[in-house]
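**Q** With the sequence up front, the predicted model follows.
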There are 2 protein chains.
Amino acid sequence: MASPRKSGRQPLADRMYEVLLGQFTDGRWSAGEPVNIGALSRELDVSQTPLREALARLEHTGLVRREALKGYRVAPLLTEFELIKLMDARLVLEPALAYEAARRTTPEFLSEVIESVDDLARAATSPDTEVFSAYWTIDERFHLLIAAQADNPFLEKAYRSLGGQVQRFRFFAKLGSARGAPGLAAEEHRAVYEALVAGEADEAASRMRRHIENAKQRVLEDRKSVEAAELPAGR
Amino acid sequence: MASPRKSGRQPLADRMYEVLLGQFTDGRWSAGEPVNIGALSRELDVSQTPLREALARLEHTGLVRREALKGYRVAPLLTEFELIKLMDARLVLEPALAYEAARRTTPEFLSEVIESVDDLARAATSPDTEVFSAYWTIDERFHLLIAAQADNPFLEKAYRSLGGQVQRFRFFAKLGSARGAPGLAAEEHRAVYEALVAGEADEAASRMRRHIENAKQRVLEDRKSVEAAELPAGR
DNA sequence: CTGTTGGGAATACTATAGGATTCATGTCAA
DNA sequence: TTGACATGAATCCTATAGTATTCCCAACAG
């Protein structure tokens, strides 16, 4: 084949990383599904080498797992136990991040935060499924903004090491949980924002903690309802 | 050429990962030095492909950095600013880890902890440089044991993502500064251990926090002395 | 002397091919 | 029928070669 392809200025492995990241976060792959490198190579019309390199990096995000000589598989879904542990970890990191961010606010930062809060409120109430599907992306932006403003690369990296997993409870709350809970999250985000504006670090940390605790409860409830409406048929 | 080599049961990329990890942590490479994949390929008698895969994974440990089309470089040494930020991040994570570990102690866990504490005390007072060189490895074992016992894979992973232990090891590997400080660290470890034995979670967290704060001060002092020693050579 | 530009060497990046290992299917014996 | 074993296909893993990009340095214009 060897279609020369007008070689972009960016390495193929980088582009493949982004492509695979997108594929793994939009539900195209089901949990635990094996990743066939040869098939991917033919489908995306690239060789196996850059795909392998991209997968090696994705492994550290927790989206894919690699077994010694068996290849890559999409990470399995989180059990209820793991879900609880994940939220507990966020309960340790995020209040501290909010505390530090509150002591380093800038006008640009605050404007970006309030923008994300408004976007989330809009997405929560919007009947447009297209907008609502971006809900978790907007939610993530709020938290990443605060993590960045904490001005501690190590803490931010530690938080990001959880990020790949955070994206995954899109599976639990696919449009099923649209009963007002998202609106509550937007309200809590706004409460954190107000503490940030006021520069009250302790209050920002406290409100962030409460937000995570509430989100933890909501996620567990959603999961129960999903279990109740169990559909054995895949896909 | 390609001497087939006695086919090992484990993939070459995995072995290369370990080899490179060892090379980057024993002072063989200097900070900021470029990593020539071709030269490494000839020196280690393997092809470039598994080396590239191993480096892609090492990038997430913070030991090497990758620039778009320029290749890999050994990560630069931590600045004083970064060192402070690293210890601040540990101040967030490790007390929480100690708290959780204290509520889940087992006899096996406690025996391993006290063993690491005793080993650290021996290594600190030993005049044998061979033993002392393993000092930071033993110190790391103490912290990793507690991180594992906290029974939260996400928090443990977040702590590992800091790579702080590795960085510190790399920092001191060259001069092997041995003052009375190591003995102090062993004392503080023992204090944490006693709180763990008593099952007093709050006290364990508090003592861990104090230990990190003290370690932070000691690290900064050591760094000043290093600056003083390297000053005459610099411009 | 300074800044720019061109050419060559070194190096990173990608593609393809082949060997090694694992999984699946079918056959035979108990 | 059940279990074990052998054979074949699919797939992962490694090596080599070729292409594209970057870096180094010398030569030249200002």
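**A** All right, it came through fine.
**Q** now residue A:11: how far from residue A:54?
**A** Distance, residue A:11 to residue A:54, using C-beta to C-beta, to the nearest Å: 10 Å. Just so you know, the C-beta spots here come from the backbone N, C-alpha and C atoms, and that holds for glycine as well.
**Q** Look at the two and report which has more neighbours.
**A** Shown here are residue A:11 and residue A:54; by other C-beta atoms under 10 Å in any protein chain shown, residue A:54 has more neighbours (25 against 16).
**Q** Tell me if that one really is in a helix.
**A** Yes. Under DSSP: H, G, I helix; E, B strand; the rest coil, residue A:54 falls within a helix.
**Q** Please list all residues in contact with it.
**A** A:13, A:14, A:16, A:17, A:19, A:20 (C-beta atoms under 8 Å, 6 or more residues apart in numbering or on different chains).
**Q** Of all residues in chain A, which one is closest to DNA strand D?
**A** residue A:71 (2.8 Å; C-beta to the nearest atom of the strand).
**Q** Find the nearest non-adjacent residue to that residue, please.
**A** Spatial nearest neighbour of residue A:71, chain neighbours left out: residue A:34 (6.3 Å); criterion: C-beta to C-beta, 6 or more residues apart in numbering or on different chains.
**Q** just checking, the one you found touches residue A:72?
**A** Yes. Counting by C-beta atoms under 8 Å, residue A:72 is a contact partner of residue A:34 at 7.3 Å.
**Q** So what does residue A:126 look like in phi/psi?
**A** Backbone geometry at residue A:126, expressed as degrees, to the nearest 10, gives phi -70, psi 130.
**Q** Run through the residues of chain A sitting next to DNA strand D.
**A** Within chain A, the residues that sit near DNA strand D (C-beta under 7 Å from any atom of the strand) are A:4, A:7, A:9, A:34-39, A:48-49, A:52, A:66, A:68-72.
**Q** Show me which of those residues are buried.
**A** Neighbour-count burial within these applies to A:35, A:49, A:52, A:66, A:72; the criterion is 16 or more other C-beta atoms under 10 Å in any protein chain shown.
**Q** Mark which of these are part of strands, please.
**A** A:35, A:66, A:72 (DSSP state E).
**Q** Count the neighbours of the nearest residue to residue A:125 once chain neighbours are set aside for me.
**A** With sequence-adjacent residues excluded and distances taken as C-beta to C-beta, 6+ apart, residue A:125 is closest to residue A:183, at 6.6 Å. By the criterion of other C-beta under 10 Å, residue A:183 has 14 neighbours.
**Q** Convert the C-alpha atoms of the helix or strand harbouring residue A:183 to PDB, please.
**A** Residue A:183 belongs to helix A:181-198 when assigned by DSSP states H and E. C-alpha atoms of helix A:181-198 as PDB (Å, rounded to 0.1, in the frame of the first residue of the first chain):
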ATOM      1  CA  ALA A 181     -28.900  15.300  39.400                       C
ATOM      2  CA  PRO A 182     -26.700  17.100  36.900                       C
ATOM      3  CA  GLY A 183     -28.400  20.300  37.900                       C
ATOM      4  CA  LEU A 184     -27.300  19.700  41.400                       C
ATOM      5  CA  ALA A 185     -23.700  19.200  40.300                       C
ATOM      6  CA  ALA A 186     -23.800  22.600  38.500                       C
ATOM      7  CA  GLU A 187     -25.100  24.200  41.700                       C
ATOM      8  CA  GLU A 188     -22.300  22.800  43.700                       C
ATOM      9  CA  HIS A 189     -19.800  23.900  41.200                       C
ATOM     10  CA  ARG A 190     -21.200  27.400  41.500                       C
ATOM     11  CA  ALA A 191     -20.800  27.300  45.200                       C
ATOM     12  CA  VAL A 192     -17.200  26.400  44.900                       C
ATOM     13  CA  TYR A 193     -16.700  29.200  42.400                       C
ATOM     14  CA  GLU A 194     -18.200  31.700  44.800                       C
ATOM     15  CA  ALA A 195     -15.700  30.700  47.400                       C
ATOM     16  CA  LEU A 196     -12.900  31.000  44.900                       C
ATOM     17  CA  VAL A 197     -14.000  34.500  44.000                       C
ATOM     18  CA  ALA A 198     -14.100  35.500  47.700                       C
END
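**Q** I appreciate the help and will end here.
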